[in-house]
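*Asks:* kindly return the folded structure for what I paste below:
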Amino acid sequence: MNNVVEVNVQKPASPLSVRNFRLLWIGEGISLLGDQFYMIALPWLVLQLTGSALALGTVMALAGIPRALFVLVGGAFVDRFSPRSVMIDCVEPRAPGAGCALVGAGADQHYPDRDAVCVRTSVWPRR
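*Replies:* Numbering: from 1, shown residues only. This next block holds a predicted model:
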């Protein structure tokens, strides 16, 4: 006698099938891409403006210090508080900084659009 048992194995659901997770993943991916562009553009700008390898090295070292410190502290915060609220609270202050950096980039020239970006990002609504 042959007894064949059929087992119905369900395929696990893909995380990307959940809309909110997909939006989070895409948003974080774009943010990470922007961070990497920043890590290329800032030293390049310093090198173009000063031509000094010492200034380039100083900027690179100083840009890495906050990242190294906050990675250590960030793990403890996420363990104690909601990861979602920690993520929102960490990303939120970057918008005014990015918008207002445009104002300082061309202080000798007047661009109304640039000023509007600074004002808009400074009053970014929190959900």
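*Asks:* quick one: the helices in this structure?
*Replies:* In the chain, the helices defined using DSSP state H lie at 19-50, 53-80, 83-91, 94-105, 112-122.
*Asks:* isn't residue 25 up against residue 16?
*Replies:* Yes - because the distance of 7.0 Å satisfies C-beta atoms under 8 Å, residue 25 is recorded as touching residue 16. (Each C-beta comes from the backbone N, C-alpha and C, glycine too.)
*Asks:* leaving out chain neighbours, which residue sits closest to the spatially most central residue of the chain?
*Replies:* The chain has residue 31 as the residue nearest its centroid, 3.7 Å off, counting by C-alpha atoms, centre = their mean. Closest residue to residue 31 in three dimensions, ignoring its sequence neighbours and counting by C-beta to C-beta, 6 or more residues apart in numbering: residue 91, at 6.8 Å.
*Asks:* how close does that neighbour get to residue 68?
*Replies:* Distance of residue 91 to residue 68, given as C-beta to C-beta, to the nearest Å: 19 Å.
*Asks:* between those two, who's got more neighbours?
*Replies:* Relative neighbour count places residue 91 above the other of residue 91 and residue 68, with 12 against 8, counting by other C-beta atoms under 10 Å.
*Asks:* ok, that one touching residue 34?
*Replies:* No - with contact defined as C-beta under 8 Å, residue 91 does not reach residue 34; the gap is 10.9 Å.
*Asks:* about what we covered before: redo the helices of the chain as TSV? Include distance to residue 5 and mean pLDDT.
*Replies:* Shown next, in TSV, are the helices of the chain (distance: least, C-beta to C-beta, whole Å; pLDDT from 0 to 100):
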stretch	distance to residue 5	mean pLDDT
helix 19-50	35	85
helix 53-80	44	85
helix 83-91	42	78
helix 94-105	56	61
helix 112-122	61	52
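*Asks:* so can I have TSV of the ones you listed showing distance to residue 4?
*Replies:* Supplementary listing: those in TSV, determined by distance: least, C-beta to C-beta, whole Å:
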stretch	distance to residue 4
helix 19-50	39
helix 53-80	49
helix 83-91	46
helix 94-105	59
helix 112-122	64
